[in-house]
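Undergrad: please find the sequence and the predicted model below.
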Amino acid sequence: MSIVVARIDDRLVHGQVVIGWGRPLELSRIVLVDAEVAASPFERELYQMAVPAGIDVEFLEPDAAPDRIEALGVADERVLVLTGSVDTMVALVKHCHGAIGKVNLGGIHERPGREEYLSYVYLSTREFDDLKAVEAAGIEVSAQDLPTTAPVPLSALRR
Amino acid sequence: MTLPTLHGVVVCHGDLARAMVAAVEEISGIRGALVPVSNTGCDRGQLEERIVEAVDGRPSVVFIDMPSGSCLFAAVRRLSGTAEVRLVTGVNLAMLLDFVFHRELAPDQAAERALDTGAKAIASRR
């Protein structure tokens, strides 16, 4: 499968993503799905800087992302799909028709209305329920900040 | 006449900034010249707020650990182009120690001096 991991991380492209995951997974491409970044040349340039040689990065509007991700799903690549929010990932999974087989909760930090599940995973009740619906649709959902830590399945997350 | 005193902010992953500031204070005896900021436990918006709060509208040099990554991005997003604030990446102890003793400089000069001092501190010896 070409989509190696689909990660929710509100810091977007940063060290944990490009070094922590990029090296062991031998990623060839990072696809960042984020409306704000896709619309801003300044933001795109900023995040481009974070990606080492050998990994391509592309920035997609959420509406344009499903077609591209489906195409990458059958390409000869090792792709990490990244969103900054639960909502964007849930919508993406819904429209990607099987291209995304598992969702990684990598960094979803504290905000009003969210509760702590892990030190790096805070979710509102609605976000948790939306992720449960993703899981019920047959997609694996687990929290894991780095490949060297054990994944925690959504069903095992406790407040 | 009192010269304006430059402010230093150190932004790093994990606990590094706190440790570096503590080491500078221990060596120099100068306290309060540097404010540490960590990226731990926050999203990028919250990290930006931590940095802006630490700068506090003062003439500052913001020292950042890496030439890329969340700490730099947050600082660039909020402070790039801000008058009287300069960003320096690749922070090391030598440049911080030198900085606390030269806070009468303008931000541009202090940033240049930090680059020079920091680079000179990197060496290989047998």
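TA: Nice, thanks for sending it over.

Undergrad: so B:A119 is in which element?
TA: Using DSSP states H and E, B:A119 sits in helix B:107-120.

Undergrad: list the buried residues of that helix.
TA: B:107, B:110-111, B:113-114, B:117-118 (16 or more other CB atoms under 10 Å in any protein chain shown). Quick note: C-beta positions are derived from backbone N, CA and C, even for glycine.

Undergrad: hmm, who's touching it?
TA: Helix B:107-120 has contacts (CB atoms under 8 Å, 6 or more residues apart in numbering or on different chains) with B:6, B:59-61, B:63, B:84-88, B:90-92, B:94-95, B:98-99, B:102-103, B:105.

Undergrad: what's the ChimeraX syntax to select whichever of those are buried?
TA: Selection of the buried residues among the contacts of helix B:107-120 in ChimeraX, burial being defined by 16+ other CB under 10 Å:
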select /B:6,59,60,61,63,84,85,86,87,88,91,92,95,98,99,103,105
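
Undergrad: keep only those of the contacts of helix B:107-120 that are in strands.
TA: B:60-61, B:63, B:85-88 (DSSP state E).

Undergrad: could I get those as a markdown table with distance to A:G15 and pLDDT?
TA: A markdown table is the format used below for the ones in strands among the contacts of helix B:107-120 (distance: CB to CB, whole Å; pLDDT from 0 to 100):
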| residue | distance to A:G15 | pLDDT |
| --- | --- | --- |
| B:S60 | 24 | 98 |
| B:V61 | 22 | 98 |
| B:F63 | 17 | 98 |
| B:V85 | 23 | 97 |
| B:R86 | 23 | 98 |
| B:L87 | 17 | 97 |
| B:V88 | 18 | 98 |
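
Undergrad: ok, those residues vs chain A, which is closest?
TA: B:L87 (12.5 Å; CB to the nearest CB).

Undergrad: my guess is that closest one contacts B:L72. True?
TA: Yes: the pair B:L87 / B:L72 is scored as a contact, 7.5 Å apart, by CB atoms under 8 Å.

Undergrad: okay, and the common contacts of these two?
TA: Common neighbours of B:L87 and B:L72 (CB under 8 Å, 6+ apart) are B:I64.
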